[in-house]
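Engineer: Here's a sequence, model it:
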Amino acid sequence: MSIRRQRNWVYPPDIRGIADVEKHLRKHYTEHVDESVERIKDFVDNISSMDTDDIAEGASNLYFTAERCQDTAGGMFTGNTETFITATYQDGDGTVDLVVPVKDEDNMTSDSDTHLATQQSIKAYVDDSIPTDFYSQSQVDGMVYYKDFQSMTDDSYYSFTPNSNYGMIFVHGRYNFISDWWGQFRYSTDGPMCVKTDGYADMDATTGALNGTTGVDGHITVSTHSVDGKIYIENRRGGATGLVITVL
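Structural biologist: Next up is the predicted model:
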């Protein structure tokens with residue numbers, strides 16, 4: 001085969017014009033492109049089958065592992081400040097323990113300021129602090145005696161020793177002094193004596209001890225007793241009643 005030279009360009013002997021040049025270049029580059037595509041394909045195939053064992057781990061390209069994830073999340077718990085809860089990361093099994101300090105203590109005698117109370121213990125403590133039949137407040141201030149019943153059960157009585165052997169008793173409905181029933185009495189535990197001076201018709205006065213069913217059914221009865229020196233209040237109104245007792 002002979003080669004023709006023209007202006008420092010070397011042409012194969014079969015190239016005689018522009019069409020031959022174009023044909024030759026297309027063939028030449030097609031062969032190179034096909035070869036490059038094949039190499040790229042081989043490279044991609046190799047990458048797809050690679051894992052972390054094929055890539056060296058460095059300072060900035062750390063592998064993602066379950067242990068590293070757990071350590072990071074665990075540090076977020078144990079490195080924080082919690083209130084009324086203790087968070088502990090267990091590295092051995094990759095878990096986080098959350099512990100709330102709780103006391104189930106009905107009488108709350110420990111008086112702890114670092115524990116929460118259970119609902120049951122709060123209810124038990126409140127229930128034990130309030131009498132079963134009524135809520136009462138007693139106040140003695142000089143010659144004044146005051147007692148407030150939230151709910152005095154039907155056919156029940158309450159007795160107490162007054163500060164003085166004689167004076168005035170005021171008994172009225174707990175919720176509205178004007179519209180509820182009320183009664184005013186003079187009393188003496190020496191005689192004894194108990195006299196109604198004003199009030200509703202269903203308010204009665206008598207003497208002697210009351211037991212819950214002594215007075216008239218449907219009424220409130222106030223009494224004094226010379227033997228024990230006490231004043232008695234009896235509820236027979238037919239249901240639980242809120243009332244207030246004031247003694248002067």
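Engineer: neighbours around residue 245, how many?
Structural biologist: By other C-beta atoms under 10 Å, 21 other residues sit near residue 245. Any C-beta I mention is one placed from the backbone N, CA and C, and that applies to glycine too.
Engineer: what does residue 114 give?
Structural biologist: Using other C-beta under 10 Å: residue 114 sits among 8 other residues.
Engineer: Could you check how far the nearest residue to it once chain neighbours are set aside is from residue 74?
Structural biologist: In space, and not counting its chain neighbours, residue 114 is closest to residue 101: 6.0 Å by C-beta to C-beta, 6 or more residues apart in numbering. Using C-beta to C-beta, to the nearest Å, residue 101 is found at 21 Å from residue 74.
Engineer: Looking at the two, which is more packed in?
Structural biologist: residue 74 (18 against 11).
Engineer: Once you drop chain neighbours, what's closest to the more buried one?
Structural biologist: residue 89 (2.9 Å).
Engineer: for the helix or strand that contains the one you found, packing partners?
Structural biologist: According to DSSP states H and E, residue 89 maps onto strand 86-90. Packing partners of strand 86-90 (3 or more C-beta pairs under 8 Å, 6 or more residues apart in numbering; DSSP states H and E): helix 66-78, strand 95-99.
Engineer: now the end-to-end length of stretch 149-165.
Structural biologist: Length of stretch 149-165, first residue to last, C-alpha to C-alpha, to the nearest Å: 23 Å.
Engineer: Return the set of buried residues in that stretch.
Structural biologist: Judged by neighbour count (16 or more other C-beta atoms under 10 Å), stretch 149-165 contains these buried residues: 149, 150, 151, 152, 155, 156, 157, 158, 162.
Engineer: Pick the one among the residues you listed closest to residue 84.
Structural biologist: residue 150 (33.6 Å; C-beta to C-beta).
Engineer: tell me the mean pLDDT over the helix or strand containing that closest one?
Structural biologist: Applying DSSP H and E as the criterion places residue 150 in strand 144-152. Averaging pLDDT along strand 144-152 gives 74.
Engineer: Direction included, what does it pair against?
Structural biologist: Strand partners for strand 144-152, identified by DSSP bridges, are recorded as strand 136-141 (antiparallel), strand 241-247 (antiparallel).
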